[in-house]
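Chemist: Predicted model and sequence follow; I will ask about them next.
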Amino acid sequence: MKISELLSVVDKGWVRKPAGFRVRFQTRENERWATDTMPGEGQTPLDSDVVAWRSAWKLWQAVKSGTGEFFNITVVDERGDPYRCYATGRLEFYNPRPEVEGAPPVCEQPAGRAGGGDEVFADAQPGSEEADAEGAGRQ
C-alpha cells in the first residue's frame, strides 16, 4: 500500500475537527418561520464551540426575559451539522419548539425545555455542593 492510499483510508475514518461554529435558531419573519445563524452565512464562523454555546445560552436568556421570539437555539459546525455541547456531551436545544415548521429533530435531552424542566445535573467539581457532600461522608 502506498502512503497516499493509507492516508486516504485514514482520512475517511478519522474524527473531523470543525473549522468553525454558528448559533442556529428559528424566528418569525413576515408571519413565516425562518432559520438563521449567527454569524450569518458568508461571515467568518466562530472559532470556539464554547463561545458558540455561551452565545446560544445568552440568546436563550434574552428570550426568557421577553426579548424577541427565538426557538430551537443550538450550535452547528461550519457544515450546518448540530454540535454537541462541551459541558454535557449531548445535542442540546434551548427553547425547543419541535412543532415549528422546519425545526430540526430534537433527538436528545433538550437544554431548556419549554414547560419547566428543572432537572439538576451532577456537578462534582471541586467546591461544589456534591463534592462537599461526598467529602463529608468519607471523614
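Modeler: Yep, that arrived. Numbers count the residues shown, from 1 in each chain.
Chemist: any idea which helix or strand comes after the longest strand along the chain?
Modeler: Of all the elements of type strand in the chain, the one with the most residues (DSSP state E) is strand 21-29. Along the chain past strand 21-29, the next helix or strand (assigned with DSSP states H and E) turns out to be strand 32-38.
Chemist: just for this protein, where's the confidence low?
Modeler: Low-confidence segments of the chain, defined by pLDDT under 70: 101-139.
Chemist: mind listing the helices for it?
Modeler: Assigned by DSSP state H, the helices in the chain fall at 3-13, 49-64, 129-138.
Chemist: could you dump those to CSV with distance to residue 92 and mean neighbour count?
Modeler: In this view, the C-beta of every residue, glycine as well, is placed from N, C-alpha and C. Written out in CSV, the entries for those read as follows (distance: least, C-beta to C-beta, whole Å; neighbours: other C-beta atoms under 10 Å):
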stretch, distance to residue 92, mean neighbour count
helix 3-13, 27, 9
helix 49-64, 8, 18
helix 129-138, 21, 10
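Chemist: Since that was my last question, I'll sign off now.
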